[in-house]
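Q: could you look at this predicted model? Sequence included:
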2 protein chains.
Amino acid sequence: MKSKAIQDLYPDHLAYCYGCGRNNKDGLHLKTYLAGDETVAHFTPDEKFTALPGSVYGGLVASLLDCHGTGSAAAFVCQQEGIPMEQAPIPVRCVTASLKVDFKAPTPMGRLLELRGKLRSIDGRKIWVDMTLSADGDICATGEILAIRIRD
Amino acid sequence: MKSKAIQDLYPDHLAYCYGCGRNNKDGLHLKTYLAGDETVAHFTPDEKFTALPGSVYGGLVASLLDCHGTGSAAAFVCQQEGIPMEQAPIPVRCVTASLKVDFKAPTPMGRLLELRGKLRSIDGRKIWVDMTLSADGDICATGEILAIRIRD
């Protein structure tokens, strides 16, 4: 059984991110779930987020990887510290220090995209996560994030 | 005197990018100009593109650097090959192979952001560009892009 989405557990005042904040009425509302030792999120881009015709623009791909990355980092911290992911607010929120995206193939428009994250390592407030973004099982992009856990 | 924006010179059917395409009615319409041996673009984010309160979300920062990066790459190719940047369409359009963004400080909301690009090198269809994104002269993020010139 999947946990709750990590973004639904952020404190209210830290849940306004355009990419994944539940309190941003204009936002994308990406939801990242812990699933075993990985994280997963799904998203179907609106047609307006076009790059070249038929493909999703790279900025959205980077945005999804950014939000899935900080969400994954928070989820892995919760998992490692035994923080229950059942009720908001959790005492963990991360921001991005560095994001690298490698575009392997055009990301097709109009398809359900799957993002997956794996923890590489945690060192104090620094969390590294490796990610993929795929459509129908084909990897369109890979991402690496260094996320920083913010202080309370 | 500044050149025309490179995005206003793309062929019509390649000008639908959400981040910078003049033909995308819902898009951000970033405009990249060649200015001497650099490129420059300016953008003021809408309030909806929030991250933590008061700052711009990383996905938008990455998006702006992505579009400024591919635009800069095309502009530098035109400059190097002596292609006039006066009338559309130009025979140059680039896409992103790899993008790295380092977030140096929160990007403040409600301010005019400046993006600058410098050519690192060109090798055949591969173009590397280094970028900064700043607000009031303070660098908020740096970016590195490997752009690929698409075939006609």
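A: Everything's here; your move. Here the structure is a predicted model, which is why all the values come from computation and not from measurement.

Q: ok, which residues in chain A are in contact with chain B?
A: A:13-14, A:16-19, A:21, A:24, A:26-27, A:48-53, A:57-60, A:62-64, A:66-67, A:70, A:95-103, A:150 (Cβ under 8 Å from any Cβ of the partner chain). Every residue, glycine included, has its C-beta placed from N, CA and C.

Q: in strands, which of those fall?
A: With strands defined by DSSP state E, the entries of the residues of chain A next to chain B inside them are A:95-103.

Q: buried subset of the residues of chain A next to chain B, written for PyMOL?
A: The command below creates a PyMOL selection of those among the residues of chain A next to chain B that count as buried (16 or more other Cβ atoms under 10 Å in any protein chain shown):
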select buried, chain A and resi 14+16+17+18+19+21+24+27+49+50+51+52+57+58+59+60+62+63+64+66+67+70+95+96+97+98+99+100+101+103
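
Q: narrow the residues of chain A next to chain B to those in helices?
A: Counted as lying in helices by DSSP state H, out of those, are A:58-60, A:62-64, A:66-67, A:70.

Q: format those as CSV; extra columns: pLDDT.
A: Supplementary listing: those in CSV, determined by pLDDT from 0 to 100:
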residue, pLDDT
A:G58, 97
A:G59, 97
A:L60, 98
A:A62, 98
A:S63, 98
A:L64, 98
A:D66, 98
A:C67, 98
A:T70, 98
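
Q: would you turn the ones in strands among the residues of chain A next to chain B into TSV with pLDDT?
A: As requested, those are arranged in TSV below (pLDDT from 0 to 100):
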residue	pLDDT
A:V95	96
A:T96	97
A:A97	98
A:S98	98
A:L99	98
A:K100	98
A:V101	98
A:D102	98
A:F103	98
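
Q: what's the distance between A:A41 and A:P84?
A: Counting by Cβ to Cβ, to the nearest Å, the separation of A:A41 from A:P84 is 20 Å.

Q: the two: who's more crowded?
A: Regarding A:A41 and A:P84, a neighbour count based on other Cβ atoms under 10 Å in any protein chain shown identifies A:A41 as having more, with 25 against 10.

Q: A:T32 is in contact with the more buried one, correct?
A: Yes - shown here, A:A41 and A:T32 form a contact pair, counting by Cβ atoms under 8 Å, at 4.7 Å.

Q: which one of the ones in helices among the residues of chain A next to chain B is nearest B:L113?
A: For those, the closest approach to B:L113 (Cβ to Cβ) belongs to A:G59, at 14.4 Å.
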